[in-house]
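S.K.: got a predicted structure plus its sequence, pasted below:
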Amino acid sequence: MSTDLDRLVNRIGRLSIGQRRLLFRQLKALGLIEAEELLSDRNPLNIALSVSAQNVERSKRQIEGGPVKPKPPGSAGPLRKSDHRSPGSGNPAAGSAGQRSAVQPEALSPQEENPIVPIQIVFDGGSRGNPGEGYGSFALDWPGYPREIVQLNFGDNVTNNEAEYDTLIAALEAVRDRMKERQIETGSAILSIWGDSLLVCNQVRGEWECKEPRLQVRLEKVRTLLSGFGESELNHHPRQKSVEILGH
């Protein structure tokens, strides 16, 4: 045990400051380290000792409690608004999901750690007229932080299904951008996504075919975004659940 610990300490001692910071973030995200001062160049031994002791405790908790599983989200939280242009607004013949600006991560609370339980997203979109003025909102439950709700406007000539997709895209981009802003590896994220659109859920999961060109663009965008995360699960819930959480 002592020999293995000495080797670990020696390896930590050879890391650069940047590498130690990265190591600290990863250990902290896993619940293996707590105090900021343990990252100091003067205390590589303390890092190793903390890892050893807390790893045992964390393993015990996992054995007793079992793995963390996604749970249906609860009630509403703080509300934010953001204006967006739908890919198809003003141009019913074509559109690219990349044309719509993403939700800025600065509009959301800062996140410093990798999530060790799923990040929960609840999304819903619609259109006043179908097609008409598109709108949407999503709730973001980041582990350890209060729920946030972001409202979106997509402009004119947007269908209900397009607004559903655009809202999901905005939510995924918000999570991605926040993680990049905080220099957190997006591949470490686990997403638990909930929505009441059977069409979006089943098309993204590959259970239903997508024939509409304007939806195909959005579907590919969603799949591309999801591929950048570690794990993701898209779940369907009743319409009433969206109303309860998002207000529409």
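M.R.: Nice, thanks for sending it over.
S.K.: got the domain ranges for the protein?
M.R.: The chain breaks down by automatic domain parsing into domains covering 2-65, 79-246.
S.K.: lowest average confidence across those, which one?
M.R.: Mean pLDDT values for the domains of the chain show the minimum at domain 2-65, a mean of 54.
S.K.: ranges for the helices of this protein?
M.R.: Assigned by DSSP state H, the chain shows helices spanning 2-13, 17-29, 44-65, 160-181, 198-204, 213-227, 239-246.
S.K.: so residue 155 sits against residue 133, correct?
M.R.: Yes - using Cβ atoms under 8 Å as the test, residue 155 is close enough to residue 133 to be in contact (7.1 Å). (Each C-beta comes from the backbone N, C-alpha and C, glycine too.)
S.K.: shared neighbours of those two, anything?
M.R.: The contact sets of residue 155 and residue 133 do not overlap (Cβ atoms under 8 Å, 6 or more residues apart in numbering).
S.K.: what about residue 159, distance to residue 174?
M.R.: To residue 174, residue 159 is 22 Å away according to Cβ to Cβ, to the nearest Å.
S.K.: ok, residue 182 next?
M.R.: According to Cβ to Cβ, residue 182 and residue 174 sit 13 Å apart.
S.K.: which one's more surrounded, these two?
M.R.: Remark: of residue 182 and residue 174, residue 174 carries more neighbours, 22 against 14, as counted by other Cβ atoms under 10 Å.
S.K.: so that one sits against residue 149, correct?
M.R.: No - with contacts counted by Cβ under 8 Å, residue 174 stays clear of residue 149, the gap being 11.6 Å.
S.K.: neighbours of residue 13, how many?
M.R.: By other Cβ under 10 Å, 13 other residues sit near residue 13.
S.K.: one more: residue 194?
M.R.: 24.
S.K.: residues that sit against both of residue 174 and residue 149, list them.
M.R.: Applying Cβ under 8 Å, 6+ apart, one finds that residue 174 and residue 149 are jointly contacted by 138, 140.
S.K.: excluding chain neighbours, what is closest to residue 236?
M.R.: Leaving aside its sequence neighbours, residue 236 sits nearest to residue 201 (Cβ to Cβ, 6 or more residues apart in numbering; 4.5 Å).
S.K.: hang on, isn't the one you found packed against residue 194?
M.R.: No - counting by Cβ under 8 Å, residue 194 is not a contact partner of residue 201; they are 9.1 Å apart.
S.K.: overlap of the contact sets of these two?
M.R.: Shared contacts of residue 201 and residue 194 (Cβ under 8 Å, 6+ apart): 235-236.
S.K.: am I right that residue 185 is in contact with residue 228?
M.R.: No - using Cβ under 8 Å, residue 185 makes no contact with residue 228, being 10.0 Å away.
S.K.: for residue 133, give the beta-bridge partners.
M.R.: residue 128 (DSSP bridges).
S.K.: list the residues that contact it.
M.R.: Counting by Cβ under 8 Å, 6+ apart, residue 133 makes contact with 127, 153-156, 158.
S.K.: I'd say residue 142 and residue 121 touch.
M.R.: No - Residue 142 is not in contact with residue 121 according to Cβ under 8 Å; the separation is 9.8 Å.
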